[in-house]
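S.K.: Structure for this input, please:
(one chain, ligands or ions: 1)
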Amino acid sequence: MYGIILDSLMDCIKQMYGEQVWKRVIGPCGISNSVFTTHKIYHEELVPNLAKAVAELTGKSIESVMQAAGEHFILYIADIKNDTVTKVLGRRFTDFLNGLNCMHDYYRFSFTEIQPPSFHVSKEDSEGLELHYRSRRTFIGYVHYVKGLLLKIASKFYSIDLDVLVTQQGFAGDVMLAVYRLNFQNSQYLAFHKVIAGNMK
Ligand code: HEM
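M.R.: Numbers count the residues shown, from 1 in each chain. Got it, this is the predicted structure:
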């Protein structure tokens, strides 16, 4: 896993649970100094191990630690690469979700060995949509990491009050998959369909 994810996770742990928690979890996770280089690849087990250690120490669930990490990543990335997120934003929240695969593909220029997740909007209606997430990583915590990412993107960039439900999760061979129902007032979907219907007359 690239350092950018770990650096953001470290930042999140320190801010949410305090420096003391960070100092206590790194030893058992085999981290000797608190520096992660953005473009360096680190051991895959570091994210799951850190999430488990923080959950154990704070009494939180692994799911909530990972959801917080996802929410924090959006603030972190907006901070370090100020316009990165806004550059890749679609006009509608749904456009943004449809563009997630292209966005990770684009990052191949700087993260040449990236193993990106894949996303797919399967249904859309006036009350929201259904989103599929697939990953070669098998840590179930990423399902909640995605939930955090979605909640923060929706509130910060689209002023959308989002409700995220995980409706399915499991494995298809060595691929982890999750299906989310995203409930929000998808008024732009209705407007879009009115335009299409108008043009068909
Ligand atoms: C705009 C800023 C973003 C950048 C620069 C970025 C970049 C990256 C990078 C470098 C990785 C590590 C992959 C690896 O080490 O092989 C990663 C992982 C990941 N990204 Fe993004 N990403 C961004 C936004 C997002 C958003 C908005 C989502 C979803 C809503 C997302 C979902 C994920 C997930 C779930 C992973 C964990 C890996 C996995 O599922 O297999 N990312 N991203």
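S.K.: For this protein, which residues are neighbours of the ligand?
M.R.: Proximity of the chain to the ligand is confined to 1-2, 4-5, 77, 84-85, 88, 100, 104, 107, 111, 114-115, 117, 135, 137, 142, 145-146, 149-150, 153 under the rule CB under 6 Å from any ligand atom. Quick note: C-beta positions are derived from backbone N, CA and C, even for glycine.
S.K.: Check these for burial and list the buried ones.
M.R.: For those, a burial check counting by 16 or more other CB atoms under 10 Å picks out 1-2, 4-5, 85, 100, 104, 107, 111, 117, 135, 137, 142, 145-146, 149-150, 153.
S.K.: List the ones among those residues that fall in strands.
M.R.: residue 135 (DSSP state E).
S.K.: Enumerate the positions of the one helix or strand residue 102 maps to that are buried.
M.R.: Residue 102 belongs to helix 100-106 when assigned by DSSP states H and E. Neighbour counts over helix 100-106 (16+ other CB under 10 Å) mark 100, 103-104 as buried.
S.K.: Could you list the buried residues of the helix or strand that it is followed by?
M.R.: The first helix or strand that comes after helix 100-106 along the chain, using DSSP H and E, is strand 118-125. For strand 118-125, a neighbour-count test (16+ other CB under 10 Å) marks 119, 124 as buried.
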